[in-house]
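Novice: Starting from these lines, generate the structure:
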Amino acid sequence: MVIITLQRQKCIGCNYCVELAPEQFQMSKKDGKSVLLHAQDKKGFHTLKTPDASAYQPSTEAAKACPVNIITTKLV
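Specialist: Here you go, the predicted structure:
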């Protein structure tokens, strides 16, 4: 199980996450911030839990590239 979390309110819209993990992220046309696809929002933390282990590597790269460190990934 891969767990990806995004603190969307702190996003600065750099687009690195979309470039590195387009299967998990896209940019919002409304406010220019990142959107974690198929995630559930709970108090500003958008979380995606997926059994697809192939999501871990690109999401981890996106987390490393994020200049404001608002993406976390876990492999459980």
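Novice: Now do the buried residues in the longest helix belonging to the chain.
Specialist: In the chain, taking DSSP state H as the definition, the longest helix is helix 56-65. Buried positions in helix 56-65, judged by neighbour count with 16 or more other CB atoms under 10 Å: Y56, P58, S59, T60, E61, A62, A63. From N, CA and C alone the C-beta is placed, and that goes for glycine too.
Novice: Tell me, how many residues neighbour the residue nearest to the fifth one when sequence neighbours are not counted?
Specialist: The one in question is E61. What sits nearest to E61 in space, not counting adjacent residues and going by CB to CB, 6 or more residues apart in numbering, is L20, at 4.6 Å. When neighbours are counted by other CB atoms under 10 Å, L20 registers 20.
Novice: Surely L20 and A65 touch.
Specialist: Yes - between L20 and A65 there is a contact under CB atoms under 8 Å: 5.8 Å.
Novice: where's the residue nearest to E61 relative to A63, distance?
Specialist: To A63, L20 is 9 Å away according to CB to CB, to the nearest Å.
Novice: and if you look at A55?
Specialist: 12 Å.
Novice: swap in I3?
Specialist: 12 Å.
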